[in-house]
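Peer 1: no sequence for this one, just the structure:
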DNA sequence: GCCGTTTTCGGCCCGACTGTTTTCAGTCG
């Protein structure tokens, strides 16, 4: 049983209990547990096998810990099955419709016998829903509307698709007269890999005018709601975007509130409640004097709570509040820490730009070094390099490197890991390169055991330096390969290999919780772009976002180190392999 | 169901909006 499945079951437990009108705090406990499990950096099954006490996890007590153990041991949860069987069928499906909560779902199921979205649609059209007590025609039409818009769009979209849209909107609104602040909040600001909607926050002298401009942007397909300080719209891609404007003085608490995460805010408010402080988007209220204090910046807001500033990417209620109290939040990696890129392509293989163009683009960014790592040729990847062409390219790289001032070019390769774990270039030529990036591009459907052996074998090769996009996932398109990541991390730590954080927005691979775990195990990481054209260098911000979500400091990232240290790491690595 | 520098029992985050209502339940973020 994987963590994601287990989290799903506890989430459903919460839904079922809510439908049955159980204690709301019990329900919340199950939801919290589901969140915690979903974001664990290790599999629960592994933790149990190693004799760890699940009750040590936040939000997990006696009852839920034993249910988790039951799931791992038997693959079943009797309590969940009993609950499910006690309720009408199809309730979970109805709950997925926005605007339908547990109460409404239960009444639709029991009073009208509805068990699917199609049946619900039919019932609305026949006017049955509008006749239920406390549900009028208006509500019925709204439900119908959400059913139809739900069918139109896929739920969450990748960060990389959303960000350009957001930036377009921001650059249209920011120059308007009177605008003082305008920024994204929500999961976008926290750099979550997918988004359900877009939240924008702002302050302006004339908020209503900004709202009006927002709803009349060309990207807006439909206006869901529009008031003097808030509007919700559907963009042409089907994505929902909300804009909220507040007074300048309250911007800090607004931004904090809507950046979330929900779990972080709940933890924060619970804690401050005990100190007599009530937190909201308007500010902080002293519950004794009932006086509201406003904050124009997030920094001031956290400071008033006696906390160090907490970067948005780690606001997930995973211990950051305790650390902020002790002023011990780590200094997370930033873009300005990045000194080079160790995985890029050129038109020698499937890239779009020449060696020189890529090199100059990297230099323009102030990078100290750039590794050229085109594809190896064995597997039909467009223009992959065979041994002969690789030798020619090495020569071209060395020549260009001599000619170019201010940046060091490293000769490398992205070599395929074949189905049996061998590489598709011989050791002889790999040993002459500055850096060897290895990755899986074929036979993606292997069993977990086979795939794990395959990758471990590649990591045992003394010439391999970096394992690129370790799970091979494409967000929303291709599932990650089946692989025992814990074993990969341990092998990487043992052989002192580097794991990649691939910045391509549709990859983001490793993902945040894996980065967290790899770092914990002492694995060195590299934030690479896998750039295929100069503009791709900018994508590094996505990799940085992931690394920050994994609590990485610059010390955890190889390409935050200066050239000499990178070279000596790669070389020392080789020396240690020879002796070992 | 979880949790504890007020507590092993008695609490548990906060506010807005909507639609249906003459005071509020349900849903959402």
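Peer 2: That came through fine. None of the values given here were measured: they were computed from a predicted structure.
Peer 1: Can you show me the helices along the stretch 251-400 of chain A?
Peer 2: Using DSSP state H, counting those that start in this stretch, the helices of the stretch 251-400 of chain A run over A:251-259, A:262-273, A:298-304, A:320-325, A:355-364, A:387-403.
Peer 1: who does the first one touch, helix- and strand-wise?
Peer 2: In other words, helix A:251-259. Where contact means 3 or more Cβ pairs under 8 Å, 6 or more residues apart in numbering; DSSP states H and E, helix A:251-259 is packed against helix A:186-189, strand A:197-204, strand A:240-246, strand A:277-280, helix A:298-304. In short, each C-beta sits where N, CA and C put it, glycine included.
Peer 1: redo that, cut-off 7 Å
Peer 2: helix A:186-189, strand A:197-204, strand A:240-246, helix A:298-304 (3 or more Cβ pairs under 7 Å, 6 or more residues apart in numbering; DSSP states H and E).
Peer 1: got the angle between that helix and strand A:240-246?
Peer 2: 160 degrees (axes from the mean of the first three to the mean of the last three Cα atoms, to 10 degrees).
Peer 1: what's helix A:251-259 in contact with?
Peer 2: Contact partners of helix A:251-259, identified using Cβ atoms under 7 Å, 6 or more residues apart in numbering, comprise A:181, A:183, A:185-186, A:189-190, A:199, A:201, A:203, A:244, A:246, A:265, A:280-283, A:294-298, A:300-301, A:312, A:315.
Peer 1: Compile the helices and strands packed on helix A:251-259 into TSV and extend it with columns for mean neighbour count, mean pLDDT and distance to DNA strand B.
Peer 2: Output for the helices and strands packed on helix A:251-259, formatted as TSV (neighbours: other Cβ atoms under 10 Å; pLDDT from 0 to 100; distance: least, Cβ to the nearest atom of the strand, whole Å):
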stretch	mean neighbour count	mean pLDDT	distance to DNA strand B
helix A:186-189	20	91	7
strand A:197-204	22	90	6
strand A:240-246	22	87	7
helix A:298-304	17	93	14
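Peer 1: Could you dump the ones you listed into TSV with distance to residue A:562 added?
Peer 2: Listed next are the helices and strands packed on helix A:251-259 as TSV, based on distance: least, Cβ to Cβ, whole Å:
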stretch	distance to residue A:562
helix A:186-189	31
strand A:197-204	38
strand A:240-246	42
helix A:298-304	31
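Peer 1: Out of these, flag the one nearest residue A:350.
Peer 2: Comparison of those against residue A:350 by Cβ to Cβ identifies helix A:186-189 as nearest, at 30.2 Å.
Peer 1: The next helix or strand after that closest one pairs with which strands, parallel or anti?
Peer 2: Following helix A:186-189 in sequence order, the next helix or strand is strand A:194-195 (DSSP states H and E). Partner strands for strand A:194-195, per DSSP bridges, with pairing direction: strand A:157-158 (antiparallel).
Peer 1: what about the partner strand and DNA strand B, touching?
Peer 2: No - Strand A:157-158 does not reach DNA strand B (Cβ under 7 Å from any atom of the strand); its nearest approach is 14.4 Å.
Peer 1: looking at chain A, which helix or strand does the model trust least?
Peer 2: helix A:563-579 (a mean of 71; mean pLDDT, DSSP states H and E).
Peer 1: Extract the residue ranges of the stretch 151-300 of chain A that are flagged as low pLDDT.
Peer 2: A:152-155 (pLDDT under 70).
Peer 1: What residues does the stretch 151-300 of chain A have near DNA strand B?
Peer 2: Counting by Cβ under 7 Å from any atom of the strand, the stretch 151-300 of chain A sits next to DNA strand B at A:186, A:196-197, A:199, A:225, A:227, A:230, A:258, A:262, A:265-266, A:269-270, A:273-274, A:278-282, A:285.
Peer 1: Of the residues you listed, grab the buried ones for PyMOL.
Peer 2: Burial among these is assessed by 16 or more other Cβ atoms under 10 Å; the matching PyMOL selection reads:
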select buried, chain A and resi 186+197+199+258+265+279+282+285
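Peer 1: Tell me where the stretch 101-250 of chain A has helices.
Peer 2: A:102-112, A:117-125, A:137-152, A:159-173, A:186-189, A:207-215.
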